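>>> no sequence on this one, just coordinates:
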């Protein structure tokens with residue numbers, strides 16, 4: 001399964017709590033540093049690809065950008081819609097339920113963001129190039145593609161065959177999530193078996209299970225795919241301070257420019 005196959009039904013309600021340690025404000029600061037460093041002017045319209053529950057989409061919207069959020073999960077976008085109506089945003093956000101390998105927009109955008117290892121969910125041969133080709137197609141000339149990926153080091157040494165438990169403080173009062181990993185070095189695929197227990201009002205628990213899969217890509221593979229689909233690779237970084245990427249990183253932050 002992949003993120004585009006709508007397999008976030010079990011985890012969508014607790015996704016934001018599990019990722020509560022993600023500093024979206026600092027990440028958005030990094031995006032704006034990239035805009036200022038690599039563009040003549042900041043973009044007006046930005047696509048947040050694989051936007052999930054909309055955390056980055058809303059963060060950028062609050063900063064005045066016109067935002068489009070695309071995701072393949074109905075449940076994740078439902079969470080995003082619910083959040084949108086509770087927020088006071090300077091501009092409306094357009095959400096589209098679409099596969100990141102087949103999405104369509106009404107025109108081009110000045111930048112595309114793609115956060116939290118969403119490209120790793122492109123697991124089949126050719127998926128990555130399909131996605132990158134569409135990103136290139138819908139970017140303005142010299143527009144930026146800003147994304148991150150989980151590194152080989154993370155797959156081999158952090159995910160591996162380890163298991164994790166997120167309890168009440170992570171998932172909300174009374175809820176918990178069990179996460180079991182299984183990484184295959186030959187296929188370079190990692191299966192995540194997820195079980196979410198949600199506490200009901202009567203004190204009982206509802207159990208939901210799902211399987212997710214990510215693919216491990218090397219930096220060279222990503223660079224090759226970007227170049228093949230018309231991008232100029234600007235850089236891979238270890239952090240938001242533009243430190244060059246290294247083999248011991250768990251996540252790489254990448255910047256590419258659409259050449260047309």
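Happy to help now that I have it. Note that the coordinates shown come from a computational prediction; the quantities given were computed from them, not determined experimentally.

>>> can you give me the helices in the stretch 51-200 of the chain?
55-62, 74-84, 127-137, 152-153, 168-171 (DSSP state H, counting those that start in this stretch).

>>> Please identify which of these is closest to residue 212.
With Cβ to Cβ, the closest approach to residue 212 among the helices of the stretch 51-200 of the chain belongs to helix 74-84: 12.2 Å. To be clear about C-beta, it is placed using only N, CA and C from the backbone, and glycine gets the same treatment.

>>> Show me which positions of that closest one end up buried.
75-80, 83-84 (16 or more other Cβ atoms under 10 Å).

>>> Now do the same contact list for residue 139.
For residue 139, the contact set (Cβ atoms under 8 Å, 6 or more residues apart in numbering) comprises 108-112, 145, 258.

>>> at 10 Å what do you get?
Residue 139 sits next to 43, 47, 108-112, 145, 230-231, 256-260 when contact means Cβ atoms under 10 Å, 6 or more residues apart in numbering.

>>> Just the buried ones from those, in ChimeraX syntax?
To isolate the buried members of the contacts of residue 139 in ChimeraX, using 16+ other Cβ under 10 Å:
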select :43,47,109,110,111,112,145,230,231,256,257,258
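
>>> Quick one: mean pLDDT for stretch 196-211?
Averaging pLDDT along stretch 196-211 gives 81.

>>> What are the buried residues along it?
By 16+ other Cβ under 10 Å, the buried positions in stretch 196-211 come out as 196-199, 208, 210.

>>> which one among the contacts of residue 139 gets closest to residue 94?
Comparing the contacts of residue 139 against residue 94 with Cβ to Cβ places residue 47 closest, at 9.7 Å.

>>> The closest one and residue 22: what is the separation?
Distance of residue 47 to residue 22, computed by Cβ to Cβ, to the nearest Å: 20 Å.

>>> center of the protein - which residue?
Nearest residue to the geometric centre of the chain (Cα atoms, centre = their mean): residue 115, 3.1 Å.

>>> thinking that residue is in contact with residue 49, fair?
Yes. Using Cβ atoms under 10 Å as the test, residue 115 is close enough to residue 49 to be in contact (8.7 Å).

>>> Any chance you could list residues touching both of these two?
Common contacts of residue 115 and residue 49 (Cβ under 10 Å, 6+ apart): residue 147.

>>> about what we covered before: for residue 188, state which of the buried residues of helix 74-84 is nearest.
Distances from residue 188 to the buried residues of helix 74-84, taken by Cβ to Cβ, are shortest for residue 76, at 25.2 Å.

>>> Quick check: that closest one touching residue 50?
Yes. Residue 76 is within contact range of residue 50, at 9.0 Å (criterion: Cβ under 10 Å).

>>> hang on, the earlier thing: which one, of the helices of the stretch 51-200 of the chain, ends up nearest to residue 15?
Among the helices of the stretch 51-200 of the chain, helix 74-84 comes nearest to residue 15, with 6.9 Å by Cβ to Cβ.

>>> The closest one versus helix 55-62: what angle between them?
30 degrees (axes from the mean of the first three to the mean of the last three Cα atoms, to 10 degrees).
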